[in-house]
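In: One predicted model, sequence on top.
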Amino acid sequence: MAGKNGSGKTTLLRALAGFLRNVEGYVVIGGTNVTNYSADKRDIILVTPSTCFPHLKVDSHIMWGANLKKLRPSKEYVMGVKSGLGIEFEGTVGNLSRGMRQRVALATALISSPRVILVDEAFLGLHDREAFISVYGTFAKEGGADVIFSSQDEADGQLSDHLYVMNNGLATLKR
């Protein structure tokens, strides 16, 4: 989804995630109406450019959501995600560059196997962004997750299956 600052992108993502009460409409995931579910029961993860646990080490961060859900992904899968997303660094997440923190946060979302991953402009600022989004989408599809991402640049719509443009809180399907 694309739109200018203040167009409603973040508000829509926050409503889908369950952080805002819907005034109108419904949130349906996999045929289940989750509109009245609390955020922790929707199986949705929202990743923003500032999403991270700065005190955790990279590997602990990546496993945080899976551990919370009591999932045990294979070591091969975790290593494949790390490699595919260009996470070839270690250390405390708070000491990493913004782009590295974003890669770790996005990997954390994948490893926790949600039904939906909402990415609020967290792809911005990543080098090789187009390749990263492609690889990320492949991992998400393989894991059974849908990804909805926002951007201020409509050209990013070429990186998605569908493009909605937000304007004054209304989303219009562009392609």
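Out: That came through fine.

In: show me where this structure has helices.
Out: Applying DSSP state H to the chain gives helices spanning 9-17, 58-68, 75-84, 98-111, 129-142.

In: helices and strands around the fourth one, which ones?
Out: It stands for helix 98-111. Applying 3 or more C-beta pairs under 8 Å, 6 or more residues apart in numbering; DSSP states H and E, one finds that helix 98-111 contacts strand 44-47, helix 58-68, helix 75-84, strand 116-120, helix 129-142. Glycine gets a C-beta too; all of them are placed from N, C-alpha and C.

In: buried sites along it?
Out: Of the residues in helix 98-111, those with enough neighbours to count as buried (16 or more other C-beta atoms under 10 Å) are 99-111.

In: Could you save the helices and strands packed on helix 98-111 as JSON lines and add columns showing distance to residue 9?
Out: Shown next, in JSON lines, are those (distance: least, C-beta to C-beta, whole Å):
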{"stretch": "strand 44-47", "distance to residue 9": "12"}
{"stretch": "helix 58-68", "distance to residue 9": "23"}
{"stretch": "helix 75-84", "distance to residue 9": "26"}
{"stretch": "strand 116-120", "distance to residue 9": "7"}
{"stretch": "helix 129-142", "distance to residue 9": "16"}
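
In: Of all those, which one is nearest residue 160?
Out: helix 129-142 (8.2 Å; C-beta to C-beta).

In: Specify the angle between the closest one and helix 75-84 in degrees.
Out: If you take axes from the mean of the first three to the mean of the last three C-alpha atoms, to 10 degrees, helix 129-142 sits at 160 degrees to helix 75-84.

In: Next, the angle from helix 129-142 to helix 98-111.
Out: Going by the same axes, to 10 degrees, helix 129-142 makes 20 degrees with helix 98-111.

In: Output the contacting helices and strands for helix 129-142.
Out: helix 75-84, helix 98-111, strand 146-150.

In: and the ones you listed as TSV, adding mean pLDDT?
Out: Formatted as TSV, these follow (pLDDT from 0 to 100):
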stretch	mean pLDDT
helix 75-84	97
helix 98-111	96
strand 146-150	95
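
In: Of all those, which one is nearest residue 17?
Out: Comparing the helices and strands packed on helix 129-142 by C-beta to C-beta, strand 146-150 comes nearest, at 10.1 Å.

In: got the angle between that closest one and helix 9-17?
Out: Orientation of strand 146-150 against helix 9-17 (the same axes, to 10 degrees) gives an angle of 150 degrees.

In: from the middle of its chain, how far away would strand 146-150 be?
Out: Relative to its parent chain, strand 146-150 has a centroid offset of 6 Å by C-alpha atoms, centre = their mean, to the nearest Å.
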